[in-house]
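J.: okay, sequence plus prediction incoming.
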Amino acid sequence: MIALAFDNPLWLLGLPLAALPFAAPVLAPLGHPRRALAPLDTASKVVSILLPLLGAVAVTLLLLSLAGLHRTDQTITREGRGAQLMLLIDRSSSMDNSFAGRRPDGAEESKAMAARRLLSDFVDRRPHDRLGVAMFSTSPMLAVPLTDHRTIVKAAIATMGEHGLAQTNVGRGLALAIGAFDGATAKASRAVVLVSDGAGVISRDVQANLRDLVGREPVNLYWLFLRTEGAKSIFEVPKSGERDTPQARPERHLHLFLQSLGVPYRAFEAENSEAVEAAIDEIDTLEARPILYEERVPRRDLSRLLHAGTALSILLLVLAKLAQRDRLSSARMLAPIRPAEQAR
Amino acid sequence: MRTAKPIGRLVDPAFWLLIGALCFALLAALGLATMEERRVRTLFVVVDLTRSMTARDYGEGVKARSRLDEAERVVTEIARKLPCGSRIGLGLFTERRSFPLIEPVDICENFPPFADAVAALNWRMAWEGDSRVVRGLSSAQELVARLGADLVFVTDGQEAPPLPVAGRRRAENPDTTAGVIIGAGGAKLVPIPKYDESGRAIGFYSLPDIAAGARVSIATPGSTSGEYHPRNNPVGNLAATSTEHLTQVRETYLREIAAEAGLGYAPLGDLAAIEAALERHTGTDILEAPRSLSPIFAAAALIFLIAAYGANHLFAWRRGTAASRAKRNHPRTGAFRR
């Protein structure tokens, strides 16, 4: 379907002007002594309709172009490979530190900056995804709801360059990210990519809430754990005698909780930006299932076409005008008879 | 004088008008363009998400909308009216910090997701209940200076905890930023809704809630009224007549800090005033954008074409030498058409 629209539809009020060529001929009307001498043959009929029609077409096309006729931008649904991805980004202040747990200096970048750079590349690599960005610290924040527009997603990721907030309340962040999928496009693969450098205890009611949400809207979960040097691994089982509680080992217990949700889940542990890159590459390959994505067909201005059409019809009119002959002047070929008549 | 060659074409106005129409139509089809200067802005909108912004004072009765709803509507409107090439970003303010959600992006390209993001703003995003407007404002000014944008700060000016008796800190005036403060809320005092842990409305804030929130530690034993203490109880004993638990737009206060911070001020409900304030207080970049000349040529072609038809009709009697003699003899030349 071609959707057409006008910028200044008021010009269309001038459309009755297109009837003008039918009322006023472009060729000069000339008197003729006897109409019967010029019978209305087929060629004359065609010309007498074509000439005003050409004029009407020219006037109409000009008015349409002045009214700003254009094909509107539209979206076409196509199938590609990708996913619906919510990026859930930890904005707690610890992300401002480097992987070594220090304030970043010139040589090493902070975890937030590394994640920002790599996530931004990731967004560039996946042209068909629908992406959204949620952030969390003490409270969850939805920065960009799921969208096809890449630049705004990258603009939201770019805010990771600013200082983070206070705490890491990962439970509510997850609830926000999982809840951010609209039910409309259930066929596509949905995934939440959690990027954090730590975890907090998820309270019992938030846990129940998450189980409920995941039960209703199954999502694939990826946890990119940016491990600070010296921090305990999420996969490491505590030795006997070590405390194994959510308070003592929140990351390990978040991992156990996410495993228990009953949805596809993978955790990646990264101690440096190379490992982050490898993990992102893996998510890239895992989240490539058929997805219906919308391709935007930009607005197309039709004025060039209209003007070309106008120029052509006016050119034909000019040619017709050039072909115009003064019939009386050819009738003057009878002149030799007339002096005789006058002389009589 | 009678001639045998076709006559009149070169003196026929209709012919020349048609030629003119053809020339202009060809010029229009060429798609010539001139460079035009477009004034674009880079704005960064910071919306106050503290509790008082959930007070409903836009509209009456059940249809009343909260200040936040109105702020979302107005911010979307501002974004819609920006000329193409302008950029706009989004952030939120609560406690004493302004926090970015989206760095400035091209608004024409990203309007739908930006509008979605604005609509998704929610008081639950606020990580703390405090609302220290002056601090939040200076944090927002630092933020926009780093992002290279001009500030649009939407707040109702409700300080929580209330301003200390000792007086407030002055708003900072960095010389690098420009922008406006947009005051949300009505002139009438309305109660501030109170929510429980899971976000259910459980009534409204009372004066003791506000007084308790302002204290850093419990009051010293024996002082039930909460005497003034510079650190522990900076607001002192809130009088029973105090209206700190109610909220209205603190317009004089906001104008005051706007003046101190070098910003403009406009009320939220008045889009024209906001645009005027943006015009005065935010900088513009000049962007060269092509502007097509085709409409001008097309209009000229239309005028010539219609004139060609009109001329033929009106001046037909001028044509033809055969007519000229008759014209001389005939007093009613205008009526004599060939």
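T.: Arrived safely. Residues are numbered from 1 along each chain as shown, chains lettered A, B, ... in the order given.
J.: distance between stretch B:167-177 and the chain's centre?
T.: Stretch B:167-177 sits 24 Å away from the centroid of its parent chain (C-alpha atoms, centre = their mean, to the nearest Å).
J.: quick one, phi psi at residue B:44?
T.: As for residue B:44, its main-chain torsions (degrees, to the nearest 10) stand at phi -130, psi 120.
J.: all helices of chain B, in order?
T.: Applying DSSP state H to chain B gives helices spanning B:13-30, B:67-81, B:107-119, B:133-147, B:207-214, B:251-261, B:271-281, B:294-314, B:321-329.
J.: dump these into JSON lines; add mean pLDDT, distance to chain A and mean neighbour count as well.
T.: All C-beta atoms are positioned from the backbone trio N, CA, C, and that covers glycine. Shown next, in JSON lines, are those (pLDDT from 0 to 100; distance: least, C-beta to the nearest C-beta, whole Å; neighbours: other C-beta atoms under 10 Å in any protein chain shown):
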{"stretch": "helix B:13-30", "mean pLDDT": "88", "distance to chain A": "4", "mean neighbour count": "22"}
{"stretch": "helix B:67-81", "mean pLDDT": "92", "distance to chain A": "12", "mean neighbour count": "20"}
{"stretch": "helix B:107-119", "mean pLDDT": "90", "distance to chain A": "4", "mean neighbour count": "20"}
{"stretch": "helix B:133-147", "mean pLDDT": "90", "distance to chain A": "7", "mean neighbour count": "22"}
{"stretch": "helix B:207-214", "mean pLDDT": "74", "distance to chain A": "17", "mean neighbour count": "17"}
{"stretch": "helix B:251-261", "mean pLDDT": "90", "distance to chain A": "20", "mean neighbour count": "18"}
{"stretch": "helix B:271-281", "mean pLDDT": "90", "distance to chain A": "21", "mean neighbour count": "16"}
{"stretch": "helix B:294-314", "mean pLDDT": "84", "distance to chain A": "4", "mean neighbour count": "21"}
{"stretch": "helix B:321-329", "mean pLDDT": "42", "distance to chain A": "5", "mean neighbour count": "15"}
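J.: and those helices: which comes nearest residue A:165?
T.: When those are compared by C-beta to C-beta, helix B:133-147 sits nearest residue A:165, at 11.8 Å.
J.: list the helices and strands the closest one packs on?
T.: In terms of contacts (3 or more C-beta pairs under 8 Å, 6 or more residues apart in numbering or on different chains; DSSP states H and E), helix B:133-147 is packed against strand B:42-48, strand B:87-94, strand B:97-106, strand B:150-155, strand B:179-183, helix B:251-261.
J.: could those go into a markdown table alongside distance to residue A:312?
T.: Shown next, in a markdown table, are those (distance: least, C-beta to C-beta, whole Å):
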| stretch | distance to residue A:312 |
| --- | --- |
| strand B:42-48 | 45 |
| strand B:87-94 | 42 |
| strand B:97-106 | 38 |
| strand B:150-155 | 50 |
| strand B:179-183 | 53 |
| helix B:251-261 | 60 |
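J.: can you give me how far stretch A:291-311 is from the chain middle?
T.: 16 Å.
J.: show me which residues of the stretch 51-200 of chain B are close to chain A?
T.: B:89-90, B:92, B:97, B:99-106, B:109-110, B:112-114, B:116-117, B:120, B:122, B:124-128, B:143, B:146, B:198 (C-beta under 8 Å from any C-beta of the partner chain).
J.: can you add distance to residue A:213 and give the helices of chain B back as TSV?
T.: Below are those laid out as TSV (distance: least, C-beta to C-beta, whole Å):
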stretch	distance to residue A:213
helix B:13-30	58
helix B:67-81	25
helix B:107-119	20
helix B:133-147	32
helix B:207-214	32
helix B:251-261	40
helix B:271-281	39
helix B:294-314	54
helix B:321-329	91
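J.: which of the ones you listed sits closest to residue A:267?
T.: When these are compared (using C-beta to C-beta), the closest one is helix B:107-119, at 29.0 Å.
J.: okay, now the domains of the chain?
T.: Assuming you mean chain A. Domain segmentation of chain A under automatic domain parsing yields A:4-28+A:40-72+A:299-339, A:76-296.
J.: other chain: chain B
T.: B:13-32+B:293-335, B:37-199+B:247-289, B:206-244.
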